[in-house]
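Novice: Return a 3D structure for these sequence lines:
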Amino acid sequence: MNYRLLKYNLINFNYKTKKKAYQNRFFGRLLANYFLNEYSIEHFVKVLKYYSNKNFFKHLFEDFPKEYYILQEKYNLDLSSKNRIHLFYLISNNENYCLECNKRILTNNSFCSIKCSNLNRSKDILYKEKLKNSIKESYNKISEENKIIKNNKISNSVKNKCSFMSKEEKSNLFSNNEFKSFKFLNFEKKFPNLILNCNEDYFYQNKYLPVECKICGNKWNFTKSTSYAKTECRICVPYEKHISQNEIFNFVSLYNNCEINLKNIIYPKELDIYCGNNTSGKFAIEYNGLMYHSEGNSELKMFKNKHKNYHLDKTNSCEEKNIQLFHIFENEWLDENKKNIWKSVLLSKMNKTNKIFARKCTIKEVKSEEAKKFENKNHLQGSSTSSIRIGLYYENELVSLMTFGKARFSKQYEYELIRFCSKLNNTIVGGASKLLKYFEKTYNPKSLVSYANRRWSTGHLYQTLGFNFLHNSTPNYFYFKSINKLLSRNKFQKHKLESILENFNKNISESENMFNNNYRRIFDSGNKVFFKKYK
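Specialist: This is a model prediction of the structure:
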């Protein structure tokens, strides 16, 4: 057993492993090499310091492995605690010894002189020669007939490929002529649709080249490599990641210069679409495919579980850099009505909507049926139950709506501002403040609370209306079976699941029951909570 330890090479052993069994085995091999090969204690300490760290030694010096005690019985070695302390003292003092002659060294070098380093290298050369000789011996054991068969297979395969080819075809096949011809002068011939925005010196000294598309004027960095990565304009030739994501990118890029799939903004996270030159502030868009951004039971690795704060972390990291991040769920973009709402939201962010002034509008209360139709057509969350509905009318047409009701989630507040939305592709200047003032004068509220969904809102509107920021709520979640519709979590509370699900188990949680019935769960970014108190 002891001689078996000497057969293994210490360099090839994984000494950084966290498993104690492997650590003990490594230390036992060091001890065997030390005692059986008559190494000096300085050399032994040097090897220990080279292969591991202090925390590793503390575990080993407290409890030596079995190999150590077997060697003690066989060779009558002194294993008192003094020797252990002496070894650890040498290691903790960071004293260095030459690996060849065991002299003490003050520097962090491995050898005390050039002679010792050359001797060590010569040993390595001898070891490599031994390996070569062993390979030659194993190769000589093969019969000559098998050698001829192998050589003929290789030569025939090469002949079959190259016999019908000319010299020019061979040079084109085995040499990268495209990369050789990639020069500053013939860049326009190679890429006729691109404009190179740099001089010749910058071209040869840098890997990334600034280019511009002649067709649409899009600008990006061209990667100078053999693969010619990012050589095509992403607007003219969209990136083949997802059809819907490309559709969003093409829509936004009509009004603003945008980039796609960037990792350098909130590294190491990736942004699907980024617009940094917008007049009303920087913004980014995340297209969240439901299967890829959710959690549930699946055998496929591509549908890995996303943690609860996955979307929230991206939102927070963007807010730290003054970037508003829009999260578009897949089911919303597949729905034509909600797709139009999202387009209106993005147009308002880019200041491309039609403006209507609130002073030109008349204000009055709205009936419930008319309010529901307006909310379903113009708000991403659709209609909701409300007792107070106030609207602005421009030329006898409802253009803006604000709804109120009793506070639903907190009894500390009297009223809740439930919905506020405007007609698609229109911005009502001063509309929110006019509607809120009408509510305050008419109903005299004592307190008011509201929630801004962080998937599409930053909450700046509430601050202009005189609200105070309270806190950020935890992310909300939804269940789904098909990608066309998200289901509210309120419908799937645990006490309701027994009558809904086919397979129900009382001993497991709500989410586990849903996952066992082929449901998946997706989280949003939470809400910003605002409140306003009146005297």
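Novice: I'd say residue 391 and residue 401 touch.
Specialist: Yes: judged on C-beta atoms under 8 Å, residue 391 makes contact with residue 401 at a distance of 4.8 Å. (Each C-beta comes from the backbone N, C-alpha and C, glycine too.)
Novice: Quickly list what's touching both of these two.
Specialist: Jointly contacting residue 391 and residue 401 under the rule C-beta atoms under 8 Å, 6 or more residues apart in numbering are 366, 371, 374.
Novice: what number of residues lie near the first one?
Specialist: Residue 366 sits with 20 neighbouring residues when counted by other C-beta atoms under 10 Å.
Novice: was I right about it contacting residue 401?
Specialist: Yes: counting by C-beta under 8 Å, residue 366 does reach residue 401; the two are 6.4 Å apart.
Novice: Next, show the common contact partners of the two.
Specialist: 374, 389, 390, 391.
Novice: what's the domain layout of this protein?
Specialist: The chain breaks down into these domains under automatic domain parsing: 2-94, 180-223, 358-533.
Novice: just flag whichever of the ones you listed has the lowest average confidence.
Specialist: Confidence, taken as mean pLDDT, is least for domain 2-94 of these (a mean of 48).
Novice: I'd guess residue 256 is in a strand, am I close?
Specialist: No: assessed by DSSP: H, G, I helix; E, B strand; the rest coil, residue 256 does not belong to a strand; its assignment is coil.
Novice: Reformat the shared contacts of residue 366 and residue 401 as a markdown table; add neighbour count and secondary structure.
Specialist: Below are the shared contacts of residue 366 and residue 401 laid out as a markdown table (neighbours: other C-beta atoms under 10 Å; DSSP: H, G, I helix; E, B strand; the rest coil):
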| residue | neighbour count | secondary structure |
| --- | --- | --- |
| 374 | 23 | helix |
| 389 | 22 | strand |
| 390 | 22 | strand |
| 391 | 22 | strand |
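Novice: what's the most distant pair in those residues?
Specialist: Spatially, the most separated pair among these is 374 and 390, at 12.0 Å (C-beta to C-beta).
Novice: Spit out the residues that contact those two alike.
Specialist: Joint contacts of residue 374 and residue 390 (C-beta under 8 Å, 6+ apart) are 366, 401.
Novice: follow-up on the earlier one: would you mind checking which of the shared contacts of residue 366 and residue 401 is nearest to residue 244?
Specialist: The closest of those to residue 244 turns out to be residue 374 (C-beta to C-beta; 26.6 Å).
Novice: Which helix or strand contains the closest residue to that closest one other than its chain neighbours?
Specialist: Nearest residue to residue 374, sequence neighbours excluded (C-beta to C-beta, 6 or more residues apart in numbering): residue 401, at 5.3 Å. If you go by DSSP states H and E, residue 401 is part of strand 398-406.
Novice: and after that strand, which helix or strand comes next?
Specialist: Strand 398-406 is succeeded, C-terminally, by strand 415-422 (DSSP H and E).
Novice: Against which helices or strands is that following strand packed?
Specialist: Other helices and strands packing on strand 415-422, by 3 or more C-beta pairs under 8 Å, 6 or more residues apart in numbering; DSSP states H and E, are helix 368-378, strand 398-406, helix 431-443, strand 447-453.
Novice: Let's have those in TSV, adding distance to residue 286.
Specialist: Formatted as TSV, these follow (distance: least, C-beta to C-beta, whole Å):
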stretch	distance to residue 286
helix 368-378	23
strand 398-406	28
helix 431-443	26
strand 447-453	14
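Novice: closest one to residue 293 among those?
Specialist: Closest approach to residue 293 among the helices and strands packed on strand 415-422 (C-beta to C-beta): strand 447-453, 16.5 Å.
Novice: hang on, the earlier thing: which member of the shared contacts of residue 391 and residue 401 is positioned nearest residue 192?
Specialist: residue 374 (51.2 Å).
Novice: so who does that closest one touch?
Specialist: 366, 391, 398, 401, 421.
Novice: Among those residues, which one lies nearest to residue 266?
Specialist: Distance ranking of those against residue 266, using C-beta to C-beta, places residue 421 first at 29.7 Å.
Novice: Surely the closest one is in contact with residue 403?
Specialist: No: between residue 421 and residue 403 there is no contact under C-beta under 8 Å: 9.2 Å.
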